[in-house]
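In: Make a model of this:
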Amino acid sequence: LRLAAAELMQGGTPPRVVIQECVRLAERFGSAPSARFVNGVIDALARRFGSQCIVVGIDSQTTPTGYRVHRYTGDPSRSGDSGRDTLAWVREAIDRGAGEIVLNCMSSDGVRRGYDLAQLAAVRDCCRVPLVASGGAGSVQHFVDVFVQARVDAALAASVFHSGEIVVRELKQTLIAAGV
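Out: Numbers count the residues shown, from 1 in each chain. Alright, predicted model coming up:
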């Protein structure tokens, strides 16, 4: 894998494609990209392309003991706890060269009851790079809340825009009026 990544990077391949190819190869030859492999990819790509090019996406689940990173979240039959604490992984990913964190809070994803403000605020407290919230938008007020209360830098949403439930122009006006 290291040789494949090095060859792709030397050939001028865009970082996104290098990462996708490395993950594809890791999954082909093993059950999952190991933590050591993922760490090595972050390190190598950050050195080669700069931290501003490295975005680490984290699927995190709220548990009775804190927040846990999950893997294979696109496949319910394989999805599960990765063995990593979310806050510790955020700190490590940043230390390794991540320039942005996208945090998908699984307990609020798709339910349209608002972002997981407590989890996002906890991550914000240990995250010194841009933090993007994902999972939970159901109203314009949810966006105001996540920017003001959790202090995120950006917030993702999809279905509320596709369905027309939230109109982008109205959201922008509300955010401006709220001082965001």
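
In: can you map out the helices along this protein?
Out: 2-10, 15-29, 35-49, 86-96, 117-126, 140-149, 159-162, 168-177 (DSSP state H).

In: Would you single out the least confident of these?
Out: Note on those: helix 2-10 shows the lowest mean pLDDT, a mean of 58.

In: residues near residue 121, how many?
Out: 14 (other C-beta atoms under 10 Å). For every residue, glycine as well, the C-beta is placed using N, CA and C.

In: Same question for residue 41.
Out: Should you count by other C-beta under 10 Å, residue 41 turns out to have 23 residues around it.

In: Just confirm residue 143 contacts residue 173, I think it does.
Out: No: with contact defined as C-beta atoms under 8 Å, residue 143 does not count as touching residue 173 (11.5 Å).

In: In terms of packing, which of these two has more residues around it?
Out: The neighbour count for residue 143 versus residue 173, taken as other C-beta under 10 Å, is higher for residue 143 (26 against 12).

In: excluding its backbone neighbours, what's nearest that one?
Out: residue 155 (5.6 Å; C-beta to C-beta, 6 or more residues apart in numbering).

In: So which bits of stretch 51-70 are buried?
Out: For stretch 51-70, burial by neighbour count (16 or more other C-beta atoms under 10 Å) applies to 51, 53-56, 58-62, 67-70.

In: What is the end-to-end distance of that stretch?
Out: End-to-end distance for stretch 51-70: 23 Å, by C-alpha to C-alpha, to the nearest Å.

In: Now it: average pLDDT?
Out: Computed over stretch 51-70, the average pLDDT equals 91.

In: Sheet partners, orientation included, of the longest strand along the chain?
Out: Longest strand in the chain, counting residues (DSSP state E): strand 55-63. In the sheet, strand 55-63 lines up against strand 66-71 (antiparallel), strand 100-105 (parallel) (DSSP bridges).

In: Those strands: which one's closest to residue 136?
Out: strand 100-105 (6.4 Å; C-beta to C-beta).

In: Provide the contact partners of the closest one at residue level.
Out: Under the contact criterion C-beta atoms under 8 Å, 6 or more residues apart in numbering, strand 100-105 has outside partners 54-60, 62, 73, 86, 90, 93-94, 115-116, 119-120, 123, 127, 129-136, 156.

In: ok so, going back, report the inter-axis angle for the longest strand of the chain versus helix 117-126.
Out: 130 degrees (axes from the mean of the first three to the mean of the last three C-alpha atoms, to 10 degrees).
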